[in-house]
Structure formats: C-alpha cells, structure tokens
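Engineer: Here you go, sequence then predicted model.
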Amino acid sequence: MTQIHDLSVREQATAIRRRELSPVDVAEHYLDRIDRLTDRVGAYITVTADLARDQAKAAERAVMAGDAAPLLGVPIPVKDLNMVKDVRTTLGSAAFADFTAFTDDNVVAFLREAGTILLGKTNTPEFGLPCYTENAVAPPARTPWDVERSAGGSSGGAAAAVAAGLAPAAHGSDGGGSIRIPASVCGLFGIKPTRGRISQGPVSPDLVGLSTSGPITRTVRDAALLLDVMAGNAPGDMYRAAPPEGTFFEAADRAPRRLRVGRSAVPPISGAEVHPDCLAAYEAASALLAELGHEVEDIVPPWQDELMPHFEVIWASMATLTPVPPEREELLRPLTRWLRERGQTITAPQLLRAQASLQAAVRTALPVLDRYDVILHPTLAQPPVPIGHFEEAEPVENFERQKRFTPFTSVYNVTGQPAVNVPLHWTDGGLPIGVMLAGRVGDEATLIALSSQLEEARPWAHRHPPIWD
C-alpha cells in the first residue's frame, strides 16, 4: 500500500492541488514519523509541530481558494544554519541553544512563497564547519542505511530526514561539499548550484562565495523543482548567476545531447586514497555514461596539492565570523575552538593572498575544465564512516581525516561550478556510494538533464533503508 512518504515532492504537490490529498494529513503523517523515528537517525534539532499544523490548515484554505503556488502544502524542512523568523536557530551549537531567529533568510522566504510547510530545523554540525553531523544539541545524524554510521555533513540531518522518510525533500547548504557528502552516504540526489544562483542574504555575508543553499531529494525531478523555487537574488547579494534558459524542471525532462565527459579519480589532496567501493561506483558510472552514448575520457585534474592550504586559510577565517560571547566560548566543540583560534591568527594580507591564490588557480583551471561538458569524480574517497570516526581524534587529526574522506568536493566550491551527487551504486553490504558530476558555471541544466537520464537508466528512488516502512 502506498503511503504519503512514498510519494515524491511532485506527486504530493499534484495530489494536493487536485484535492486528492489534504495538506493537514500530509503534515500529520510526517510529524508522526518524526515523533517515532527522528532520534534514531538524528534528523532534526527543532520540530515545529504547532507551526506546521497552522501552515497546513492555511494551505488547505489556499487550495480551496484556488491558490497555484508550486509547492503548496508540501513539507520542506530547513537546515539549522538558516534563519526562520521566530523559530529556534541553534547553528548546531550549544552556544546558541536558546537563540530565536529575528528574520527569514531569503531562501526561506522563497520557500514560503512557494507554499511549503516547515516541519522543523534539520541537524547540522556546529556552524556547519565539519563534514559530519555530531554536536551538543541533538543526537548524531546517522545514515538510515546503517545507523551505526554517520549521515555526513554539514547537511547531515537534512539527508537523514529525506532518506528515512521524515520529509519528502529538504533544504541544505554546501560550502565544501555539505550537500553532496550527506547525499552520497544517504543514497540521495543533491545539487550544489552555481555560485550566486541562490541568495545568501539578508544576514549571512557572501564575501568568499564558497557556500550556497541547494536541494536534497530522492529524485532528480524533485531537485530541479526545488531549485526553481529556491533560486533568486535580492538587493545586496555580491554574487548573481545569470538566469537559466527555461526552468530547471524542464531540463529534467530533456534528453541531453551527446556529452564530452572528463573523469578523474585522482584525489587533489596528498595522502587521500580512494576506497575500492568508491572506485567501483566511479567505474560503473563511467561505463553507464559510455553505454548511454557519451564520450568519456580520463583527464589530468588542473589542481595542485598546494590548493588546500589556501582553502584552509579561508575556512579557518570563516569559522570566526559567527559572533560568540566570550562567556559562551567554552560551550564550543574542540574542533570549532581550534578552527577559530587558527582563524584569529590569520592577518588581512594572509587572507587576501589566500583568496588571490585560489582565484589564480580557478583562472588556470576553468579553461581546462571547460573543454568538457561534465566532469566525473567519486563523491567521496571512503564509504560511510562510523559515528565518532572524526570526533574521537584531536582537532588536527580530525581535520586531516575529513580531508582524506572528502578530497574531491571543495574544489567546486572554490570554482563556483555547479555539482551534483548521483546515487547510482550500493555496496554488497547495502551502503550507498555516490558519484559526483560537475558542470560549467551556470549550467545546472546539463547536469540535471544528464542525471535524469542516468536515473532513468538505473533507477534508485525505489531503494529504501529498513527504517522506511
């Protein structure tokens, strides 16, 4: 028997619009599942049950009045790094455990305008800094495919919620892989859009341009639909992507032309080794692309080992941006304190030199990468890791383990190119292993069209972890 959480975002939106499903029933269905299951996977920090019920009732009235909002009545949770007015926003930190947001982030306003319902704020590590989701305000985010293993980060709660059927899709954000990493370890599709595609305002600075919001979903079409809703700019945005031709949802229904695909499984970080399971996923994806008629060839990545130190300077500097009262500094996690202390020692000339070095690398790399329509990599160098794998280590070793776990993702935050995780592979032990596709700046449409073709050839949305039923 089909249940509400078996339906895609598009199917739910259509059924609600046709009055075949009630937004109230949809919200209650998910709230019941969250109440029973969220602690098992660490999906949510805050559940906004009363607000969800009020919004669902308002959505039902809007449906009866003929409102045509594209996602009217569909529940979409928001990552707890983003502000939702009058809702608790912890930033994944005990230092902000009692903070209530005073405004909506622009992307949240866009989701509101589309008619979505807020189930709650999804789990994230402190300030979104690491690639796993373990903090002092909620249980660890776990992949529903093996709850002894991490759901990744920093959008770990968002991915855990979608993979466990605690939301039909979720808002995430990605500053170094934070959508693609959890999408990979949770068997989902996730898009990091082009820099400037989605507004970072009105509060969060976008000086560096590494981070962007994006969707985490079970299907490509759902991700395209959500990206259409989330995309947009507002006064004061430093980065703005050129508008696409047509909608992203239309791209999901368009067969791609024969594409030139460059591929590499060589990690751009010294000491990182790609696990055989991740190589198997990469090789299988390469074979499928060739089978579908695309030209696939090996490339030498234009990245040097010395790129990472400059990225680390930016990352440590970003860790200092969140203002923490001195009396609450002791509540911060050891990794956060280490990064902030490191960031506080960076001088303005050092920061500018790091930014200049990264920009020079991008100027050198993009002409090479732009010879290809798409670039293929493993999303991660390792399968999902056990809970505590990073936290058990001191901050210096913790950070090194993170680099070895996810060596491929952050370069596309530096370039600003769009990139997706495609969940094409599962190990013999039942763990999902994703592959990453990156496209030209501004060309999410090609990634979406190709991903939709891959999904049609090797469907994955029917695959569910044991917790699903």
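Structural biologist: Yep, that arrived.
Engineer: Roughly how far does the closest residue to residue 113 other than its chain neighbours sit from residue 59?
Structural biologist: Leaving aside its sequence neighbours, residue 113 sits nearest to residue 69 (CB to CB, 6 or more residues apart in numbering; 7.1 Å). Every residue, glycine included, has its C-beta placed from N, CA and C. Going from residue 69 to residue 59 by CB to CB, to the nearest Å gives 8 Å.
Engineer: who touches both of the two?
Structural biologist: Shared contacts of residue 69 and residue 59 (CB atoms under 8 Å, 6 or more residues apart in numbering): residue 115.
Engineer: So which of those two has more stuff around it?
Structural biologist: More crowded of residue 69 and residue 59, by other CB atoms under 10 Å: residue 59, with 26 against 18.
Engineer: Against which helices or strands is the host helix or strand of that one packed?
Structural biologist: Applying DSSP states H and E as the criterion places residue 59 in helix 49-64. Where contact means 3 or more CB pairs under 8 Å, 6 or more residues apart in numbering; DSSP states H and E, helix 49-64 is packed against helix 9-17, helix 23-41.
Engineer: Outside of that helix itself, list whatever touches it.
Structural biologist: Contacting residues not belonging to helix 49-64 are listed as 16-17, 19, 22-24, 26-28, 30-31, 69, 72-73, 75, 87, 115, 117-120 [CB under 8 Å, 6+ apart].
Engineer: sorry, back to before: for the residue nearest to residue 113, phi and psi?
Structural biologist: The phi and psi torsions at residue 69 (degrees, to the nearest 10) take the values phi -50, psi 140.
Engineer: That one and residue 115 touch, don't they?
Structural biologist: Yes. Residue 69 is within contact range of residue 115, at 3.3 Å (criterion: CB atoms under 8 Å).
Engineer: Strands of the stretch 351-469 of the chain, residue ranges please.
Structural biologist: Remark: strands assigned in the stretch 351-469 of the chain by DSSP state E, counting those that start in this stretch are 374-378, 419-426, 432-439.
Engineer: hmm, I was thinking of the stretch 101-250 of the chain
Structural biologist: 120-122, 169-174, 189-192, 212-217.
Engineer: among those strands, which is nearest residue 340?
Structural biologist: strand 169-174 (19.7 Å; CB to CB).
Engineer: Could you check the angle the closest one makes with helix 9-17?
Structural biologist: 140 degrees (axes from the mean of the first three to the mean of the last three CA atoms, to 10 degrees).
Engineer: Paired strands for strand 169-174, with orientation please.
Structural biologist: In the sheet, strand 169-174 lines up against strand 212-217 (antiparallel) (DSSP bridges).
Engineer: Run through who's touching stretch 13-32.
Structural biologist: 3-5, 7, 12, 47, 49, 52-53, 55-57, 59-60, 63-64, 68, 70-75, 117, 119, 166-168, 225.
Engineer: Mind checking which of those are buried?
Structural biologist: 4-5, 7, 12, 47, 49, 52-53, 55-56, 59-60, 63, 70-75, 117, 119, 166-168, 225 (16 or more other CB atoms under 10 Å).
Engineer: returning to what we had before: deepest of the helices and strands packed on helix 49-64, which one?
Structural biologist: Each of these was scored by mean neighbour count; the highest is helix 9-17, a mean of 21, by mean count of other CB atoms under 10 Å.
Engineer: how much does that one deviate in direction from helix 23-41?
Structural biologist: Using the same axes, to 10 degrees: helix 9-17 against helix 23-41 is 150 degrees.
Engineer: and helix 9-17, average pLDDT?
Structural biologist: Per-residue pLDDT values over helix 9-17 give a mean of 98.
Engineer: Tell me what angle it forms with helix 49-64.
Structural biologist: 60 degrees.
Engineer: starting at the chain centroid, how far to helix 9-17?
Structural biologist: 23 Å (CA atoms, centre = their mean, to the nearest Å).
Engineer: same thing with stretch 355-375?
Structural biologist: Centroid separation for stretch 355-375 versus its chain: 22 Å, with CA atoms, centre = their mean.
Engineer: got the buried residues for that stretch?
Structural biologist: Buried residues in stretch 355-375 (16+ other CB under 10 Å): 355, 357, 358, 361, 362, 365, 366, 369, 372, 373, 374, 375.
Engineer: just stretch 411-431 next, same as before
Structural biologist: Quick answer for stretch 411-431 (16+ other CB under 10 Å): 411-427, 431.
Engineer: residue ranges for the helices of the stretch 301-450 of the chain, please.
Structural biologist: For the stretch 301-450 of the chain, applying DSSP state H, counting those that start in this stretch gives helices covering 307-318, 334-344, 348-369, 395-405, 411-415, 444-457.
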